[in-house]
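Q: coords please:
(chains A and B)
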There are 2 protein chains.
Amino acid sequence: MPTDIEIARSVELKPIVEIAAKVGIPEDALHLHGKHIAKLDDRFIASLPKKDDARLVLVTAINPTPAGEGKTTTTVGLGDALNRIGKKAVVCLREPSLGPVFGVKGGAAGGGYAQVLPMEQINLHFTGDFHAITSANNLLAALVDNSLYWGNPLNIDPRRIVFRRVLDMNDRTLRQIISGVGAPANGYTREAGFDITVASEIMAIFCLANDLKDLEERLGRIVVAYTPDRKPITAKDVDAEGALSVLLRDALRPNLVQSIEGTPAFIHGGPFANIAHGCNSVIATKTGLSLADWTVTEAGFGADLGAEKFLDIKCRKSGISPDAVVIVATIRALKMHGGVAKSELTSENVPALEAGLANLGRHIENMKGFGLPVVVAINHFVSDTDAEVETLKRRVKSDFGVDAVVCKHWAEGGAGAEELARTLVDLVEREKASFDFLYGDDLPLLEKVETIAKTLYRADKVTASAAIKKQLKEWEAAGYGSFPVCMAKTQSSFSADPTAIGAPTGHTLPIREVRLSAGAGFIVVICGELMTMPGLPKVPASVNMRLLDDGVIDGIA
Amino acid sequence: MPTDIEIARSVELKPIVEIAAKVGIPEDALHLHGKHIAKLDDRFIASLPKKDDARLVLVTAINPTPAGEGKTTTTVGLGDALNRIGKKAVVCLREPSLGPVFGVKGGAAGGGYAQVLPMEQINLHFTGDFHAITSANNLLAALVDNSLYWGNPLNIDPRRIVFRRVLDMNDRTLRQIISGVGAPANGYTREAGFDITVASEIMAIFCLANDLKDLEERLGRIVVAYTPDRKPITAKDVDAEGALSVLLRDALRPNLVQSIEGTPAFIHGGPFANIAHGCNSVIATKTGLSLADWTVTEAGFGADLGAEKFLDIKCRKSGISPDAVVIVATIRALKMHGGVAKSELTSENVPALEAGLANLGRHIENMKGFGLPVVVAINHFVSDTDAEVETLKRRVKSDFGVDAVVCKHWAEGGAGAEELARTLVDLVEREKASFDFLYGDDLPLLEKVETIAKTLYRADKVTASAAIKKQLKEWEAAGYGSFPVCMAKTQSSFSADPTAIGAPTGHTLPIREVRLSAGAGFIVVICGELMTMPGLPKVPASVNMRLLDDGVIDGIA
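A: Model prediction:
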């Protein structure tokens, strides 16, 4: 099997105007970025009528393991397969972050024969959206320190500036810094720090905004600092929201590219799935729903984090909701959830698979609990044995009443996901979603957390310090009580303990910290360690990247 | 008179493919960024034959004053005017930096009726070149700290990491920071800092590289740190040059836009005119020379800094040289050089003008000393009186033997610069340039500085500490002795004292610091204070920026 970039390079891309035409986008609604990437004009999007028969499919997964699951490849493969069986489908994905491309993770534009193209550009600067968000974030940060510098008319407490700077880079040394060192002309010395751009509240806002007006209003509501007596100071107080909107105007237009098989793909925005909600932009998803009969999208991490936040945050704020959920699982990963070490995954082990099934099962139950039809996609690896596959399909059906379908899109492209596509279409025709949020707006913030922890995570209880409880009450008093909560915990387990694989019960969810994202419109609830600025590994992926003699990019994996 | 952005908005732009066709660029050589901006394919550029009759015109200026000169508007107006009188002309300009757009300076895409368009995009993210340079710079910085973190195999002295991070933002609090604070996992605590992106050595390299291969080699040569025994550690030592080239590949393609009158404009790169050489990319200028009969370009600050570095650095490294020099002056600024306060500039004052003429005169003599034909462009303001204009034209001719031509491109567009264009064409036909560098490669570094200081600045002597002299000798021993020197001093005076306006003589040029830019290939010689990270003013320009209801950008000046 050739590498991802070799496959990508072997494909003859179609002009993006042809891809756009497939879903009725005229050429003059495109802002071209070269021949194979375009942004979609906002006036065109605003002119689109609502399409009542549009279907939305959410692709999520079991709790991730080092064995890999393949949500993005499944999303792309399913989109391709839907088009192959005669449906009009688009996919909606998050944009890759430059930091991980140079770090451990590498690119994030699918893989094998289920990729979006041009993968080099998508994985590098793409259309500059993340750079625009970085600029907007850092302009706001500079405006806050600048207000402090020029006489501090807003009475900012320099110890209580909460808005951090960002870079789209894995740079551990910037996590915590002392800024304003050296001279009075360098401002006031204080503790500060950088997050990676995907962790910026502006990224979350960007992905939740319904249009430019909504974007500007949300930007103005960001709480950047507090006064000594704890009164919030917002981006609007430093007159930032206009300039920030100006910086983000073009970026807010969704990006259109193509899969290897020519499926239109909207790739737009990419907030972290821990301190933010982990899905592509509302604008991209809604645009897909206005243009195609089937829109396939994904949410970050496992269904306990990504899907829950897709449903309780993105759907709540945008008015959309899925017609079905695809839960991606691999036999390798389920065996890890059943206790097998990574080195032993290539040996057949049906009992371990059956033990690990509990993880998948709980995700199925949880998604069904939202009132959503579910199908399981078994993302096939060559080491999977017939006995393992048959066991998994049988048990999923018998234990949880849903279909599990083997998918080979990674090796075979859309043809390898046709059975999944047909199963999904049958399911949606047969079973109407009766979606509801897990909790209502009016529930007190702590009870929202308890509802998620007990219902989805199967925790016995939630703990929080008196200070955290007081903070939540203060936010409720300040009018933020109707916000949903954005859970930030390990992606590896239903619990806050990353080693508690499978389907743990009876555990305690400890809230370590809470943060207000007033512009995005949620309260971040941090349970366990949270890393918002990664570091580079000992041998970064960047060392393998180079230009070949003809200027072709090599080494992006 | 309407504002710049109002004028810009009133213009119906031509498709960029039409602008490209004017100079023989086929549509398939364009990487479109929307309908009005394109990047030019590198393979197309490489395929262009050398054009022996191409003329290069350098636009420079007297020492800047708060009254303003107008190099960029004159460059644009002259390009328009050359096309109006039947020549085939293009202009080459630097890209604006986002930091100053939000700070004091505002946009930098010309002004009045001598602008390049679309001015909002050009002044904001444009095609992302500066973002790519920011990313490349900060990846390299992260790789250096990462090598230190993972066992320090290169024996980096953490006290001697010389490569700084950058942001394209005016943010004084990042000038000097303590990084790696808080925990061992955050790396080694050390002093660090951020410059503005235009001050990055990678920006200078980007603008001096002849092609991708040259870019990669120069990137690899950047000295990022030293060992405890002062041995240099380069970007190549941390395996960075491949990934950096990958990040910069698309950015290195020159950007094509149009003036209000449809003149093709290459806007590409923008290094600081103090710690770097202050001109647009070599690739853009050479592309202009391959396509047009006349290429008009500018260099930063006054002729003592910008033009000298254009000639001694850019020309030396690229093999190009100008056929003539246009020195821009305003009557207002000359009166300031003659001692008039800014508040008094609207009153006629012929004696002050004549006193200030010394500044212009010395720049004329200096440019002639390089063997270049010179013409003076008097950038007209409404407050200029007939007596002032006549005196200036007469004295320039009688005292320095060159023509001074009144230009009204700001108010009238290219029509206002037709006389300048005709005078320039006559001059170039009449007088052949006999260009030579001010100093040879072999001159010792300190003597290069002395040559510039005595010949151009009319200083009596150059002073430097023993440590600086030793450093220069060490660099000569290490093989950097053939580099040109890149002077960094105040733009306001021929001397290192910004208050010494006019044409000071007998002064001393004190070298405060020297820096090695091994990748760019020059030694930066810092005389006086040097600011490489600006701050925002009390009322930043950003507070006036906003989106109008139809998404139109307003408030960029």
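Q: what ranges do the helices span in the stretch 351-500 of chain A?
A: A:386-400, A:409-412, A:418-430, A:445-455, A:466-475 (DSSP state H, counting those that start in this stretch).
Q: Please identify the most buried of the ones you listed.
A: The highest average neighbour count among the helices of the stretch 351-500 of chain A, using mean count of other C-beta atoms under 10 Å in any protein chain shown, belongs to helix A:409-412 at a mean of 22. C-beta coordinates here come from the backbone N, C-alpha and C atoms, glycine included.
Q: Show me what that helix is packed against.
A: helix A:71-84 (3 or more C-beta pairs under 8 Å, 6 or more residues apart in numbering or on different chains; DSSP states H and E).
Q: just the angle between the helix it packs on and helix A:418-430, please?
A: Relative orientation of helix A:71-84 versus helix A:418-430 (axes from the mean of the first three to the mean of the last three C-alpha atoms, to 10 degrees): 80 degrees.
Q: Include mean pLDDT and distance to B:Lys448 when you put the helices of the stretch 351-500 of chain A into TSV, please.
A: Rendered in TSV, the data for the helices of the stretch 351-500 of chain A read as follows (pLDDT from 0 to 100; distance: least, C-beta to C-beta, whole Å):
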stretch	mean pLDDT	distance to B:Lys448
helix A:386-400	98	74
helix A:409-412	96	60
helix A:418-430	98	70
helix A:445-455	98	67
helix A:466-475	97	62
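Q: Hmm, A:Leu78 is touching A:Arg422, no?
A: No: with contact defined as C-beta atoms under 8 Å, A:Leu78 and A:Arg422 do not form a contacting pair (10.9 Å).
Q: quick one, what contacts the residue lying closest to A:Gly481 once chain neighbours are set aside?
A: The shortest distance from A:Gly481 to any non-neighbouring residue, by C-beta to C-beta, 6 or more residues apart in numbering or on different chains, is to A:Leu445 (6.2 Å). A:Leu445 is in contact with A:Leu472, A:Trp475, A:Glu476, A:Gly481, A:Phe483, A:Val485, A:Ile523, counting by C-beta atoms under 8 Å, 6 or more residues apart in numbering or on different chains.
Q: Spell out which parts of the stretch 401-550 of chain A neighbour chain B.
A: A:Gly535, A:Leu536, A:Lys538, A:Pro540, A:Ser542, A:Val543, A:Asn544, A:Met545, A:Arg546, A:Leu547 (C-beta under 8 Å from any C-beta of the partner chain).
Q: count of neighbours near the closest residue to the last one other than its chain neighbours?
A: Counting by C-beta to C-beta, 6+ apart, A:Leu547 lies nearest to B:Ser245, which is 5.0 Å off, once chain neighbours are set aside. Counted with other C-beta atoms under 10 Å in any protein chain shown, the burial measure for B:Ser245 works out to 25 neighbours.
Q: Other residues contacting the strand or helix carrying B:Ser245?
A: Assigned by DSSP states H and E, B:Ser245 belongs to helix B:241-248. Outside of helix B:241-248, the residues within contact range by C-beta under 8 Å, 6+ apart are A:102, A:120, A:124-125, A:542-547, A:553, A:555-556, B:132-133, B:135-136, B:139-140, B:202, B:206, B:212, B:215-217, B:219-220, B:235.
Q: Can you say which of those are buried?
A: A:102, A:120, A:124-125, A:542, A:545-547, A:553, A:555-556, B:132-133, B:135-136, B:139-140, B:202, B:206, B:212, B:215-216, B:219-220, B:235 (16 or more other C-beta atoms under 10 Å in any protein chain shown).
Q: Can you flag which of the residues you listed belong to strands?
A: A:Arg546, A:Leu547, A:Ile553 (DSSP state E).
Q: now those residues in JSON lines, with pLDDT?
A: Output for these, formatted as JSON lines (pLDDT from 0 to 100):
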{"residue": "A:Arg546", "pLDDT": "95"}
{"residue": "A:Leu547", "pLDDT": "95"}
{"residue": "A:Ile553", "pLDDT": "91"}
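Q: Shouldn't A:Leu516 be within a strand?
A: Yes: assignment of A:Leu516 by DSSP: H, G, I helix; E, B strand; the rest coil places it within a strand.
Q: tally of neighbours for it?
A: Counted with other C-beta under 10 Å, A:Leu516 comes out at 21.
Q: wait, isn't it in contact with A:Gly481?
A: No: the pair A:Leu516 / A:Gly481 is not scored as a contact, 11.5 Å apart, by C-beta under 8 Å.
Q: anything in contact with each of those two?
A: By C-beta under 8 Å, 6+ apart, the residues touching both A:Leu516 and A:Gly481 are A:Trp475.
Q: Contact residues of the stretch 251-400 of chain A facing chain B?
A: So the stretch 251-400 of chain A never meets chain B (C-beta under 8 Å from any C-beta).
Q: check contacts around A:Pro271.
A: A:Arg94, A:Val198, A:Ala199, A:Met203, A:Ala204, A:Phe206, A:Cys207, A:His277, A:Gly278, A:Cys279.
Q: Now go through these and say which are in helices.
A: Within the contacts of A:Pro271, residues falling in helices by DSSP state H are A:Met203, A:Ala204, A:Phe206, A:Cys207.
Q: Need the residues that contact stretch A:460-470.
A: Contacts for stretch A:460-470 (C-beta under 8 Å, 6+ apart): A:446, A:449-450, A:453-454, A:472, A:505-511, A:513-514.
Q: how far does that stretch sit from the chain's center?
A: The chain centre lies 27 Å from the centre of stretch A:460-470; the measure is C-alpha atoms, centre = their mean, to the nearest Å.
Q: related to what we said a few turns ago, C-terminal to the helix holding B:Ser245, which secondary structure element comes first?
A: Next along from helix B:241-248, by DSSP H and E: strand B:255-259.
Q: Given whichever helix or strand comes after that following strand, what are its sheet partners and their directions?
A: Downstream of strand B:255-259, the first helix or strand assigned by DSSP H and E is strand B:264-267. Sheet pairing for strand B:264-267, assigned by DSSP bridges, gives strand B:89-93 (parallel), strand B:255-259 (antiparallel).
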